[in-house]
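A.B. asks: My questions are about this predicted structure, shown below with the sequence.
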Amino acid sequence: MDILSMLYNVLKRLVDIGGSLFGLIILSPLLFLVALAIKLDSEGPVMADTPARSGKDGKLFKIYKFRSMVQNAHEILEKNPKLLEEYKKNSYKIFNDPRVTRVGKFIRKYSIDEFPQFFNILKGDMSLVGPRAYYPYELEEQQKNYPASRKYVKVILSGKPGLTGVWQVTGRSEINFDKRVQMDADYVKRKSILYDFWIMAKTIPAVISGRGAV
């Protein structure tokens, strides 16, 4: 690893620690209210019980997210052929998903369900800015559908996944897998703190607008 890459990694980690601590402190009242709303709205835990994600070098980790769906959402998906078909057809997204709760619909639209990932960032599993944190099976199955994406996935797994990223601020769920991984790979290769700040700045209006969220 060259000196510039080392410097970038050190600066990025410092920004991650400072940014996630700041976010948790500033947003703590909101996090408490969201947790309370989730408990009052539907049965189940406050945090989502989701399968492990692929992190740096393919290492699996548990991602922290507010629960936005009913209990046992993954089991319901697996037992519903129609939902499962739409899930895979639309790059692992379901529009107007019947499993999403009332509170869940709101927090997903504005990405509030993602805020607990500040804890993942503090732990070092994630970064403020980076590629999407993909499910292992998602990467495996989508690479079969888009063989040309294999070279991009390899680059993506060389970096940490992010709370936000370049594709999230340019379309979110409206962007298909093949284009998404190419954008993520280009980001990883770029290695620019200034670009990270640009993406973070673009994240705010993208979240407020709710464009592309499902």
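C.D. replies: Okay, I see it.

A.B. asks: rest of the way, CA atoms for contacts and neighbours
C.D. replies: Will do.

A.B. asks: Please name the nearest non-neighbouring residue to Leu60.
C.D. replies: Sequence neighbours aside, Ser54 is the residue nearest to Leu60 in space, at 4.7 Å (criterion: C-alpha to C-alpha, 6 or more residues apart in numbering).

A.B. asks: from memory that neighbour sits against Glu138, does it?
C.D. replies: No - applying C-alpha atoms under 8 Å, one finds Ser54 not in contact with Glu138, separated by 9.8 Å.

A.B. asks: neighbour-wise, which of the two wins?
C.D. replies: Legend: neighbour count by other C-alpha atoms under 10 Å for Ser54 and Glu138, higher for Ser54 (24 against 15).

A.B. asks: Can you give me the separation between the closest residue to Ile175 other than its chain neighbours and Ser28?
C.D. replies: Leaving aside its sequence neighbours, Ile175 sits nearest to Trp167 (C-alpha to C-alpha, 6+ apart; 7.5 Å). Separation of Trp167 from Ser28 (C-alpha to C-alpha, to the nearest Å): 27 Å.

A.B. asks: the more surrounded of those two?
C.D. replies: Trp167 (23 against 13).

A.B. asks: Let's see the pLDDT reported for the more buried one.
C.D. replies: For Trp167, the pLDDT comes out at 84.

A.B. asks: With Lys202 instead?
C.D. replies: On the pLDDT scale, Lys202 gets 91.

A.B. asks: any low-confidence regions in this structure?
C.D. replies: Where the chain drops to pLDDT under 70, the residues are 1, 91, 171-174, 210-214.

A.B. asks: Can you show me the helices along it?
C.D. replies: 3-41, 73-78, 81-89, 102-109, 117-123, 136-145, 150-156, 177-190, 193-209 (DSSP state H).

A.B. asks: Compare the ones you listed and give me the one nearest Ile63.
C.D. replies: helix 117-123 (6.7 Å; C-alpha to C-alpha).

A.B. asks: Identify each buried residue in that closest one, please.
C.D. replies: 117-122 (16 or more other C-alpha atoms under 10 Å).
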